[in-house]
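Asks: Here is my input, please return the structure:
(one chain, ligands or ions: 1)
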Amino acid sequence: MQCLLGATLIDGTGTPPLRDAAVLVDGERIVAVGTRQTLQLPSQTTVIDVSGYTLLPGLIDGHDHLAAHSYALAHRWGLDEPYSTRSLRTAAALRQTLETGYTTVRDAAGLDVGFKLAIEEGLIMGPRVQLSVNIISPTGGIGDRVSPSGHECCVVLDPTLPVGVANGVHEVRMVVRSMVRAGAEVIKCATTGGASGRPGHGPKDVAFSRDEMRALVDEAHALGRRVMCHALGGPGLRLAIEAGVDSIEHGCYLDEEPELIAMMAAHGTFFVPTFTVYTFHRERPVPHIQARARALQPHHVASLQQAVAAGVKIVAGTDAGGHQHGINAWELEHLVAAGLSPMQALQSATCWAAECLGWSDDLGTVTPGKLADLVVLDGDPLQDVTLLQDAQRIKLVFKGGMLCVDRRTAKREEHALV
Ligand SMILES: [Zn+2]
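Replies: This is a model prediction of the structure:
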């Protein structure tokens, strides 16, 4: 057994920090949590002195694209470099993400099952991943790979990433099944457009009919998969919520229809606002993207504040990939700037995120019985949540009880009690 001793524990549940904490780990799981004074350590326990640091649950990003590395069309279509280089680039992003304290990531399309297998086999370092494989949308939707000149994607289909275009109830059910066959643990779909300048593709343009979305949610749930839905605003946002999706991704214009926020609270629908990606869109050198990102910002902030007030659980997600990897904790700064308390921001990346993924039996809090996914931080994130963005302050990262990162310069007391 090993015991992390002496840190200030923020356990992810939202309860106040526990000083001089003792967290006992047996194999891959946490078996006891107390203080130095109260916890009896079994003999042969290896004590890791983490006094002066903050101990947190492993962080979770609820919306990431780990296999994406640029927004450029040539990259998105896989034309700009050999597949091997691209795969190794993804492996580097996976390692970097784990090394910055993110022990779990829900991939919102693009990461294929091979990466998950490679992590589980120990071939590469990376967080636990929950895969959606590819995004499902109708012809003309955000998952339809068409160039601005109207040409369809010229690249041969990669069978690990099935085509996500589906029209009509029958095809929608079939494509959900093909995603599950390819390893999807959550179904990703889109009921609105987004940042693209294609016709009929704006943030409030609807994709999918009511029947199609009901079939999609029904099929996913029948197969034991939750549904995460890209929906910015307008009738497509309503369609997603009424069809019973499990999380709304982006949700920038929720504030325009408070009734929808009440429905989300009543149904337990999670809200993953992904503020980080829009900070990049606001600066991108494409005028219509900039304009859209700037126009939605005040609505996005109001949407968050109204959702929190209504009791909707917020999940931190960066929508990273197109812009960058490795600063997933930036989202927490954005969430605090938009109105969450630092403690709520931490919950959005720990316990609420684990609930959103359906993995809260194992992850999200430092409590007995959970997997020992732990982060030791130099500093107090409740005073300054941006500290989590500084990789050098992430001193230790454990995934399932295994030490994956150790940035302590001087090793301190570490011994077996006899
Ligand atoms: Zn995304």
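
Asks: in the longest helix along the chain, what counts as buried?
Replies: Longest helix of the chain, by residue count under DSSP state H: helix 287-310. Residues of helix 287-310 classed as buried by neighbour count (16 or more other CB atoms under 10 Å): 289, 292-293, 296-297, 299-304, 306-308, 310. For every residue, glycine as well, the C-beta is placed using N, CA and C.

Asks: repeat for stretch 392-404
Replies: 393-401, 404.

Asks: which secondary structure element contains the most centrally placed residue in the chain?
Replies: Taking CA atoms, centre = their mean, the centroid of the chain lies closest to residue 62, which sits 1.7 Å from it. Applying DSSP states H and E as the criterion places residue 62 in strand 59-64.

Asks: Packing partners of that strand?
Replies: Judged by 3 or more CB pairs under 8 Å, 6 or more residues apart in numbering; DSSP states H and E, the packing partners of strand 59-64 are strand 102-107, strand 270-272, helix 351-357.

Asks: ok so, going back, dump the longest helix of the chain to PDB, keeping only the CA atoms.
Replies: C-alpha atoms of helix 287-310 as PDB (Å, rounded to 0.1, in the frame of the first residue of the first chain):
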ATOM      1  CA  PRO A 287     -13.600  37.200 -40.600                       C
ATOM      2  CA  HIS A 288     -16.800  35.200 -40.300                       C
ATOM      3  CA  ILE A 289     -15.500  32.900 -37.600                       C
ATOM      4  CA  GLN A 290     -14.200  35.900 -35.600                       C
ATOM      5  CA  ALA A 291     -17.600  37.600 -36.000                       C
ATOM      6  CA  ARG A 292     -19.600  34.600 -34.900                       C
ATOM      7  CA  ALA A 293     -17.300  33.900 -31.900                       C
ATOM      8  CA  ARG A 294     -17.500  37.600 -30.800                       C
ATOM      9  CA  ALA A 295     -21.300  37.700 -31.300                       C
ATOM     10  CA  LEU A 296     -22.000  34.700 -29.200                       C
ATOM     11  CA  GLN A 297     -19.600  35.500 -26.200                       C
ATOM     12  CA  PRO A 298     -22.100  37.500 -24.000                       C
ATOM     13  CA  HIS A 299     -24.800  34.900 -24.700                       C
ATOM     14  CA  HIS A 300     -22.400  32.100 -23.800                       C
ATOM     15  CA  VAL A 301     -21.500  33.700 -20.400                       C
ATOM     16  CA  ALA A 302     -25.200  34.400 -19.700                       C
ATOM     17  CA  SER A 303     -26.000  30.800 -20.600                       C
ATOM     18  CA  LEU A 304     -23.500  29.500 -18.100                       C
ATOM     19  CA  GLN A 305     -24.800  31.800 -15.300                       C
ATOM     20  CA  GLN A 306     -28.400  30.900 -15.900                       C
ATOM     21  CA  ALA A 307     -27.600  27.200 -16.200                       C
ATOM     22  CA  VAL A 308     -25.700  27.200 -12.900                       C
ATOM     23  CA  ALA A 309     -28.500  29.200 -11.200                       C
ATOM     24  CA  ALA A 310     -31.000  26.600 -12.400                       C
END
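
Asks: Flag every buried residue along the helix or strand just after the strand holding residue 62.
Replies: The helix or strand immediately downstream of strand 59-64 is helix 73-76, counting by DSSP H and E. The neighbour-count criterion (16+ other CB under 10 Å) identifies residue 76 as the buried residues of helix 73-76.

Asks: one step back: so which of the buried residues of stretch 392-404 sit within strands?
Replies: Counting by DSSP state E, the buried residues of stretch 392-404 place 394-399, 404 in strands.

Asks: which of those residues sit farthest apart?
Replies: The most widely separated members of these, counting by CB to CB, are 395 and 399 (14.9 Å).

Asks: Touching, residue 328 and residue 99? I think so.
Replies: No. Contact criterion CB atoms under 8 Å: residue 328 and residue 99 do not qualify, at 11.1 Å.

Asks: Among the two, which residue is more densely surrounded?
Replies: residue 328 (27 against 18; other CB atoms under 10 Å).

Asks: is the nearest residue to that one once chain neighbours are set aside in a bridge, and if so with what?
Replies: Using CB to CB, 6 or more residues apart in numbering and skipping residues adjacent in sequence, the residue nearest residue 328 is residue 61, 4.6 Å away. Note on residue 61: beta-bridge partners residue 105, judged by DSSP bridges.

Asks: quick one: pLDDT of residue 414?
Replies: What the model reports as pLDDT for residue 414 is 62.

Asks: Next up, the contacts around the residue nearest to residue 328.
Replies: Counting by CB atoms under 8 Å, 6 or more residues apart in numbering, residue 61 touches 97, 102, 104-106, 316-318, 320, 328, 331, 349, 353.
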